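J.: Any chance you can model this:
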Amino acid sequence: MRTEFCWRIAMPLLLGLVPGGLLGCQTASNTSSSAPPEQPDIATAAQPVKPGESIGELTYDGQRRTYTIYTPRSYRPDRPMPMVLVFHGYGSQGQELARGTGFNQLAEKENFIVVYPDGIERRWNPLNKALTGVDDVGFVPALVAHLQQIRRIDDRRIYAAGVSNGGFLVQRLACERNSPIAAYASVVASFPTLLQGFCNPPQPVPMLMINGTADEKVPWQGGNLFYGSILSIPGTIDLWRQHNACPEQPQVKQLGDRVEVSRYTNCRNRAEVELVKLNGVGHIWPQGGSGPTQLLNGSQQIWSFFQRHSKSTAG
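T.: Numbering: from 1, shown residues only. Sure thing, here's the model as predicted:
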């Protein structure tokens, strides 16, 4: 009874994190994207694949699931390619995240496939299926298996990143045993206190977090908020640091006045933990360039972290 009560308290945090903010955190809307609908991508890994962005779908657990996939021009069916899954925030969809993060352009430049799954009703459920009827935690490995059938994927280099509600899902995915994911990155997200007792994966977990100290939706200090209880950002980093048997002291690097990168290295199986601290910044995905909320290219920072990890070194 106590466990079920706690799950219900935590549900608003993980399923419908307070709407608002920048990328991936918009209020839910019934209006569709201005882009015309595209035909589902039904190619197989051995067939020629048209480069660029396309829409795909699969059925999982009796539900139709959709995603946007970007395939760079360098893709060849005889050469396995890394893949990055990027999970949107509450109220958003995959195509919207693709437009705002610059991940497509980075995938073209760095030669990897990027996939933006769509949450049912524009949200993700990192909790148990009984609460909403949606099993997003189980959906992710099913999606990976589906994508491995239509693209030649490097099985050792599959990665997951997410923003806000999608970032909480990424934190939950990192707890899974036998995960196909080699490394994880969450943006403006933390770790639900409730999950601490359930999260003990046998493998080390490379984890990057990007958070702002002025985030009012996912406060730096964590705590018992009106939508549930979450660990502080340093507390979440410490959870993964301890899990990976990393040293207590990180290597710290300043990138300008407002960006501080703390990297924990020499961990078990080289599974690093990294925190990008954005001083005075709120609930945003940093996009690079200039201006108060563009202090860092978040997508490039994530890809640089992912490049240092593969399944052979991650677990």
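J.: Now H309, what are its backbone angles?
T.: For H309, the backbone dihedrals (degrees, to the nearest 10) come out as phi -130, psi 140.
J.: Surely it and A183 touch.
T.: Yes. When contacts are counted by CB atoms under 8 Å, H309 is listed as touching A183 (4.0 Å). C-beta coordinates here come from the backbone N, C-alpha and C atoms, glycine included.
J.: Now do the shared contacts for these two.
T.: Applying CB atoms under 8 Å, 6 or more residues apart in numbering, one finds that H309 and A183 are jointly contacted by Y159, P206.
J.: measure the closest residue to C199 other than its chain neighbours to G280 for me?
T.: Among residues not flanking C199 along the chain, C175 sits closest, at 3.7 Å (CB to CB, 6 or more residues apart in numbering). Separation of C175 from G280 (CB to CB, to the nearest Å) stands at 31 Å.
J.: Show me which of the two is the more surrounded one.
T.: The neighbour comparison of C175 against G280 (other CB atoms under 10 Å) goes to C175, with 18 against 12.
J.: give me every residue that touches the more buried one.
T.: Contacts of C175 (CB under 8 Å, 6+ apart): L195, F198, C199, N200, P201.
J.: And for the first one, the neighbour number?
T.: Counted with other CB under 10 Å, the burial measure for L195 works out to 19 neighbours.
J.: How about the third one?
T.: The criterion is other CB under 10 Å. On that basis, C199 has 18 neighbouring residues.
J.: what does the last one give?
T.: P201 has 15 neighbouring residues, counting by other CB under 10 Å.
J.: Okay, now the unreliable bits of this structure?
T.: 1-47, 227, 288-294, 313-315 (pLDDT under 70).
J.: mind listing the helices for it?
T.: 2-15, 94-101, 103-110, 136-150, 165-173, 233-243, 298-307, 311-314 (DSSP state H).
J.: out of those, deepest packed?
T.: Of all those, helix 165-173 carries the top mean neighbour count, a mean of 29, counting by mean count of other CB atoms under 10 Å.
J.: now the angle from it to helix 136-150?
T.: Computed by axes from the mean of the first three to the mean of the last three CA atoms, to 10 degrees, the angle separating helix 165-173 from helix 136-150 equals 90 degrees.
J.: quick one: helix 165-173 to helix 94-101, angle?
T.: 100 degrees.
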